[in-house]
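Chemist: Sharing a model prediction with you, sequence too.
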Amino acid sequence: MLCDDQWFIERCEETGSAFALALDSDGRLHREQSAYQTIEVYSTTHFGRVMVIDGFLMLTERDNFIYHEMLAHPVLFSHPQPRRVLIVGGGDCGTLRETLKHAMVDEVTQVDIDERVTRVAEQFFPALCASNGDPRAALRFADAIDWVRQAEPGSLDVIIVDSTDPLGPGEGLFTEAFYRDCHAALAEHGLIVQQSESPLAHMASIIEPMHQAMRRAGFTDTELLGFAQPTYPTGWWTATVAAKDGPVRFERAADAEALAFHTDYYTADIHRAAVAQPAFVQRAFDALASR
């Protein structure tokens, strides 16, 4: 990460590229070193306030809705009755807000290791935290890997892993051991979804190993969801859904068609389109299936 008085610049070594945002006159609004990571907030000319963790852009006010909606709604509409939801990470609380839009959801526990991310979000991104006081929500600040390991077997319907990149605190969330614990914590028809980086930059290094690890952990089907994310490396991002038993299906398509709440990106048609794969991605998954 590079930053001067006028620009925030994030370099992506995997693609030999960089992404830059022009800062407005307020520049950097906040910087702190928590027990786990460096958290910064900047004010930009065109993307509003942005949160940066360890030099990597986590969210902007302008485009975070795409990521948060695509992490929450496809998996929740793919489960027949998503009553009990766990969010792993998600400290900015945007995914929590989207999850709580589903009236069928009875309880959401969010477990993030770093409380300071949530407190910074509450201060600088209050719209993302608008549902933090919902009586169905419980915020826990702990090691989510340990939390899942100790969860009662079959106690969850959906697990949403809203993590940082597989570095630092997020590294352990991309392992077969973690997926085995998630598999055990899920009830019948349970689903897990996890952000899975960019196909252009991370197909072989992250996405393929993730799908392999999920299947080795006992998940019977995996599905990749693609969506645009302008401020993440390459501008193209994914989430991976895995089913505890049976295939991943768009179980509640009728509910998605008659959407009962406001979204800015997600629709039933977007959901269907997100699972269509470009040729090179499909070839990679066909090769995995033949092994």
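Modeler: Here it is on my side, so go on. Please read all numbers here as calculations on a predicted model, not as lab measurements.

Chemist: Low-confidence ranges, the stretch 1-150 of the chain, go.
Modeler: 1-4 (pLDDT under 70).

Chemist: which stretches of it form strands?
Modeler: With DSSP state E, counting those that start in this stretch as the criterion, the stretch 1-150 of the chain has strands at 2-3, 7-12, 17-33, 38-44, 49-53, 56-60, 84-89, 107-112, 137-141.

Chemist: nearest to Tyr232, of those strands?
Modeler: Nearest of those to Tyr232, taken as C-beta to C-beta: strand 56-60 at 7.2 Å. In this view, the C-beta of every residue, glycine as well, is placed from N, C-alpha and C.

Chemist: how distant is the closest one from the center of its chain?
Modeler: 12 Å (C-alpha atoms, centre = their mean, to the nearest Å).

Chemist: orientation of that strand relative to strand 49-53 in degrees?
Modeler: Strand 56-60 runs at 150 degrees relative to strand 49-53, counting by axes from the mean of the first three to the mean of the last three C-alpha atoms, to 10 degrees.

Chemist: Run through the neighbouring helices and strands of strand 56-60.
Modeler: Judged by 3 or more C-beta pairs under 8 Å, 6 or more residues apart in numbering; DSSP states H and E, strand 56-60 is in contact with strand 7-12, strand 17-33, strand 49-53.

Chemist: Tell me which helix or strand comes right after the host helix or strand of Pro209.
Modeler: Element membership for Pro209, per DSSP states H and E: helix 208-216. Next along the chain after helix 208-216, taking DSSP H and E as the criterion, comes strand 221-228.

Chemist: Spell out which strands sit alongside that following strand in the sheet and which way each one runs.
Modeler: Taking DSSP bridges as the criterion, strand 221-228 sits next to strand 236-243 (antiparallel) in its sheet.

Chemist: relative to helix 208-216, how tilted is the strand it pairs with?
Modeler: 10 degrees.

Chemist: Contacts for strand 236-243, please.
Modeler: 67, 70-71, 74-75, 78, 179, 189-200, 207, 210-211, 214-215, 219-229, 248 (C-beta atoms under 8 Å, 6 or more residues apart in numbering).

Chemist: Could you tell me which residues within the longest helix out of those in the chain count as buried?
Modeler: Across the chain, the longest stretch assigned as helix under DSSP state H is helix 64-77. Going by neighbour count (16 or more other C-beta atoms under 10 Å), the buried part of helix 64-77 is 64-77.

Chemist: got it, and stretch 50-65?
Modeler: 50-54, 56-65.

Chemist: before we move on, what about stretch 123-139?
Modeler: Phe124, Phe125, Leu128, Cys129, Ser131, Asn132, Arg136, Ala137, Leu139.

Chemist: Would you map out the domains in this structure?
Modeler: 2-60, 64-290 (automatic domain parsing).

Chemist: ranking the ones you listed by burial, who's on top?
Modeler: Most buried of the domains of the chain, by mean neighbour count (mean count of other C-beta atoms under 10 Å): domain 64-290, with a mean of 19.

Chemist: So for it, first residue to last residue, what's the gap.
Modeler: 36 Å (C-alpha to C-alpha, to the nearest Å).

Chemist: before we move on, the earlier item: next, format the strands of the stretch 1-150 of the chain as a markdown table and append distance to Pro153.
Modeler: Shown next, in a markdown table, are the strands of the stretch 1-150 of the chain (distance: least, C-beta to C-beta, whole Å):
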| stretch | distance to Pro153 |
| --- | --- |
| strand 2-3 | 46 |
| strand 7-12 | 40 |
| strand 17-33 | 38 |
| strand 38-44 | 35 |
| strand 49-53 | 33 |
| strand 56-60 | 32 |
| strand 84-89 | 13 |
| strand 107-112 | 16 |
| strand 137-141 | 19 |
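
Chemist: Ok, which of those strands comes nearest Asp286?
Modeler: Set against Asp286 and scored by C-beta to C-beta, these come closest in strand 7-12, at 27.6 Å.

Chemist: So which elements touch the closest one?
Modeler: strand 2-3, strand 17-33, strand 49-53, strand 56-60.
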